[in-house]
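Chemist: After the sequence you'll find the predicted model.
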Amino acid sequence: MKLTRRERVELQRQASARNGRADSARHARLVLLLAENLTWAEIREKLDCSDSYISRWSKRFAADRLAGLFARHSGRERYKVTDQIEARVLARTTKRKPADGSTHWSSRKLASELGDISHMTVTRIWAKHGIKPHRLEGYIASNDPEFETKAADVIGLYLNPPQHAAVFSVDEKTAIQALDRKDPVLPLSPGRAERHGFEYFRHGTLSLYAAFNTKTGEVLGKTAARHTSAEFVSFLTDIVANQPRGKEIHVIADNLSAHKTNLVDEFLTSHKSVHLHFTPTYSSWLNQVELWFAKIERDVIARGVFTSVPDLRRKLMRYIRRYNAKPRTVKWKYFDTSRRITPESIVTVH
């Protein structure tokens, strides 16, 4: 096949174009290879094509030259997802379960069930509407008849605390295990995550009491072998000792039985400046210290290696001291009361 100088320049331009059509570049490379007198077998190997492909485009170039290399058909019309298709997918996803007994849909399973759409179409519709059938979240519905009153009391302390008073969010993280690995920890390296041995020693457990100052973000911490009412009262005493004499102290706590004993009542009677506020039943998420507990769990406990209970205690208290050097408060927002989960709002679809 012979090419003019103009044709060779144009074919070379199309073959090397970075932002052109891939099929046009492939057609141009085919003609250039034919012009170099390569055999069809050599061209098949270089372009990974068939004999019919070589025959079709060589004939078109011979008949129409450069104009013959343009595709005759622009392809099929882009598939459009209609509102009716979206409605079908969403209705089937949210209102029915798979016929094979599965607990949730996969995109391929739903596409197979519907029959006339692809699994990628299902995936795009789910993404558009924020549907994630593979995800599962748990919840506990509060059955406290005084939910609104107690929640308003706690939220009011966060958003509009009393002047010249300290507000503490208090709780205990119980049964923290001092786990020591039998095998050495293999450190993080390029392309490989940190690895811990599967087997471990249990050296014992302890409880961590924490009081989160909602104004400053500082944490007062204390460890104890057990979580009893006596330990809770002792921790309340530590909170009082760390504040100026006579300062009003508001303590937010959950409904643990150890927080509601005679010992606690006696402490409150003898310390008139201390006021105890309870979160509603099954509503520990209203207690800001739980957010800080999640932080220390991630940073220290979950991947920690502890040779003994004293070693665990030392590392927990060291973390608290370092944290208090740069404490951070919680930016608390509560703006949609309609999102409260109640027994009346639970709907089960069969």
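Modeler: All right, it came through fine. Residues are numbered from 1 along each chain as shown.
Chemist: Now residue 88: closest residue in space, sequence neighbours ignored.
Modeler: Among residues not flanking residue 88 along the chain, residue 114 sits closest, at 6.6 Å (CB to CB, 6 or more residues apart in numbering). Yep, even glycine has a C-beta here, placed from its N, CA and C like the rest.
Chemist: Need phi/psi at the one you found.
Modeler: In terms of degrees, to the nearest 10, the main-chain angles of residue 114 are phi -80, psi -40.
Chemist: what helix or strand is the residue nearest to the spatial centre of the chain on?
Modeler: With distances taken as CA atoms, centre = their mean, residue 135 lies nearest the centre of the chain, 10.5 Å away. For residue 135, there is no helix or strand it lies in under DSSP states H and E.
Chemist: and it, how far is that from residue 232?
Modeler: Going from residue 135 to residue 232 by CB to CB, to the nearest Å gives 37 Å.
Chemist: do residue 244 as well
Modeler: 22 Å.
Chemist: between those two, who's got more neighbours?
Modeler: residue 232 (24 against 7; other CB atoms under 10 Å).
Chemist: Kindly state the pLDDT recorded for that one?
Modeler: At residue 232, the pLDDT value in this model is 94.
Chemist: Look at the spatially closest residue to it that is not a sequence neighbour and give its secondary structure.
Modeler: Among residues not flanking residue 232 along the chain, residue 258 sits closest, at 5.3 Å (CB to CB, 6+ apart). Residue 258 carries the three-state label helix when classified by DSSP: H, G, I helix; E, B strand; the rest coil.
Chemist: Tell me which helix or strand residue 237 sits in.
Modeler: helix 229-241.
Chemist: could you point out which element follows that helix?
Modeler: The helix or strand immediately downstream of helix 229-241 is strand 248-253, counting by DSSP H and E.
Chemist: That following strand vs helix 229-241, what angle?
Modeler: 150 degrees (axes from the mean of the first three to the mean of the last three CA atoms, to 10 degrees).
Chemist: can you count the residues close to the nearest residue to residue 332 once chain neighbours are set aside?
Modeler: Of all residues not flanking residue 332 in the chain, residue 158 sits nearest, at 4.5 Å (CB to CB, 6+ apart). The number of residues packed near residue 158 is 20, by other CB under 10 Å.
Chemist: Show the pLDDT at the residue nearest to residue 88.
Modeler: pLDDT, read off for residue 114, is 92.
Chemist: picking up where we left off before, quick one: buried residues of the helix holding residue 237?
Modeler: Buried residues in helix 229-241, counted by 16 or more other CB atoms under 10 Å: 229, 231, 232, 233, 235, 236, 239, 240.
Chemist: Tell me which stretches of this structure form helices.
Modeler: Using DSSP state H, the helices of the chain run over residues 5-16, 22-35, 40-47, 51-64, 83-95, 107-114, 119-129, 147-159, 229-241, 262-270, 289-296, 309-325.
Chemist: pLDDT weak spots in the stretch 201-350 of the chain?
Modeler: Residues of the stretch 201-350 of the chain that meet the criterion pLDDT under 70 lie in 334-350.
Chemist: who's in contact with the residue nearest to residue 38 when sequence neighbours are not counted?
Modeler: In space, and not counting its chain neighbours, residue 38 is closest to residue 46: 7.7 Å by CB to CB, 6+ apart. Counting by CB atoms under 8 Å, 6 or more residues apart in numbering, residue 46 touches 29, 33, 38.
Chemist: buried subset of those?
Modeler: Counted by 16+ other CB under 10 Å, these give 29, 33 as buried.
Chemist: Just the closest of the contacts of residue 46 to residue 186, please.
Modeler: residue 29 (49.3 Å; CB to CB).
Chemist: Distance of that closest one relative to residue 19?
Modeler: When distance is defined by CB to CB, residue 29 is 16 Å away from residue 19.
Chemist: list the contacts for residue 28?
Modeler: Contacts of residue 28 (CB under 8 Å, 6+ apart): 11, 12, 14, 15, 69.
Chemist: hmm, back to that, in CSV, list the buried residues of helix 229-241 along with distance to residue 52.
Modeler: Below are these laid out as CSV (distance: CB to CB, whole Å):
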residue, distance to residue 52
229, 87
231, 84
232, 84
233, 89
235, 83
236, 87
239, 85
240, 90
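Chemist: what pLDDT does residue 25 get?
Modeler: 85.
Chemist: What count of nearby residues applies to residue 316?
Modeler: For residue 316, using other CB under 10 Å, the count is 22.
Chemist: hang on, the earlier thing: surely the residue nearest to residue 232 touches residue 229?
Modeler: Yes. With contact defined as CB atoms under 8 Å, residue 258 reaches residue 229; the gap is 4.3 Å.
Chemist: contacts for stretch 172-181?
Modeler: Contacts of stretch 172-181 (CB under 8 Å, 6+ apart): 196-197, 199-210, 224, 227, 231-232, 256, 293, 296-297, 301, 304-309, 311-312, 316.
Chemist: That stretch: which residues count as buried?
Modeler: Residues 172, 173, 176, 177, 178, 179, 180 are the ones in stretch 172-181 that count as buried (16+ other CB under 10 Å).
Chemist: repeat for stretch 13-31
Modeler: Neighbour count says stretch 13-31 has 14, 15, 25, 26, 27, 28, 29, 30, 31 buried, by 16+ other CB under 10 Å.
Chemist: and what of stretch 149-160?
Modeler: 150, 151, 153, 154, 157, 158.
Chemist: tell me how far that stretch is from the chain's mean position?
Modeler: On the basis of CA atoms, centre = their mean, to the nearest Å, stretch 149-160 sits 28 Å off its chain's mean C-alpha point.
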